[in-house]
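*Asks:* Sequence and computational prediction follow.
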Amino acid sequence: MTYKITAYSEDDTIELAQNLESEKFPNMVICLEGDLGSGKTVFAKAFAGALGITENITSPTFTIIKEYYGGEMTLFHMDVYRLSDVKQDIGIEEYFTKKGVCIIEWADLIEDILPKNRLDIKIKIVDENTRQIIIIPHGSKYEDLCERVL
Ligand SMILES: Nc1ncnc2c1ncn2[C@@H]1O[C@H](COP(=O)(O)OP(=O)(O)OP(=O)(O)O)[C@@H](O)[C@H]1O
Ligand SMILES: [Mg+2]
């Protein structure tokens, strides 16, 4: 099953993140794909806010992984855009089994190490405020979740 959603504004993308957060579970993996400025960080920030994380969420482009505690669940926010530049093994796979939610920006760049069960979210820029969002759940847990909230 593939879900196609049109976000007509940033608020629509925020609402999507909040809806998905309401069905969070430990080891949840959310893979974000989309061009620069498509809204991946907007999504991650909204998800973090819904988790109750009060810390300011900044783009982890240069640090690759940022960990946020203090919410209902730990959030591992990753941006693997520069991963090939730093050419170091930072053990990303280990995070997929940690108790928390992983949100990965530019996940398509590390496709070979992504877990089989995960939620893929592909964001396409239509115009200044419009985004076409394609959501593909992999595995029954994610399929059920999408059925409940989308
Ligand atoms: N419907 C929308 N959904 C999300 N963001 C939107 C939307 N419409 C406009 N925007 C704007 O697009 C920008 C998205 O920026 P954001 O940093 O989230 O992109 P990104 O995908 O994380 O980029 P990067 O690849 O550089 O990390 C923001 O300035 C946001 O206000
Ligand atoms: Mg970003």
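*Replies:* Structure received. Since the structure is predicted, the reported quantities are computational estimates derived from the model, not experimental observations. Ligands and ions are numbered 1, 2, ... in the order given.
*Asks:* can you give me how far the host helix or strand of Ile133 is from the chain middle?
*Replies:* Assigned by DSSP states H and E, Ile133 belongs to strand 131-138. Here strand 131-138 is found 11 Å from its chain centre; the criterion is C-alpha atoms, centre = their mean, to the nearest Å.
*Asks:* neighbouring contacts of the helix or strand following it?
*Replies:* Once the chain leaves strand 131-138, the next helix or strand it forms, by DSSP H and E, is helix 140-149. Contacts with helix 140-149, where a contact means C-beta atoms under 8 Å, 6 or more residues apart in numbering, come from Met1, Tyr3, Asn19, Leu20, Ser22, Glu23, Phe25, Asn117, Arg118, Leu119, Ile135, Pro137. Quick note: C-beta positions are derived from backbone N, CA and C, even for glycine.
*Asks:* And what about the closest residue to ligand 2 within the chain, helix, strand or coil?
*Replies:* Residue of the chain nearest ligand 2, by C-beta to the ion: Thr41 (3.3 Å). At Thr41, secondary structure determined by DSSP: H, G, I helix; E, B strand; the rest coil is helix.
*Asks:* OK, contacts around it?
*Replies:* By C-beta under 8 Å, 6+ apart, Thr41 lies in contact with Ile57, Ser59, Asp79, Glu105.
*Asks:* and if you look at Ile110?
*Replies:* Residues near Ile110 by C-beta under 8 Å, 6+ apart: Val80, Leu83, Ile92, Ile104.
*Asks:* change it to 7 Å
*Replies:* Counting by C-beta atoms under 7 Å, 6 or more residues apart in numbering, Ile110 touches Val80, Leu83, Ile92.
*Asks:* Need the worst-confidence member of these.
*Replies:* Ranked by pLDDT, these bottom out at Leu83, which has 83.
*Asks:* For that residue, what are phi and psi?
*Replies:* Note on Leu83: backbone dihedrals following degrees, to the nearest 10 are phi -60, psi -40.
*Asks:* burial measure for it, as a count.
*Replies:* Using other C-beta atoms under 10 Å, Leu83 has 18 other residues around it.
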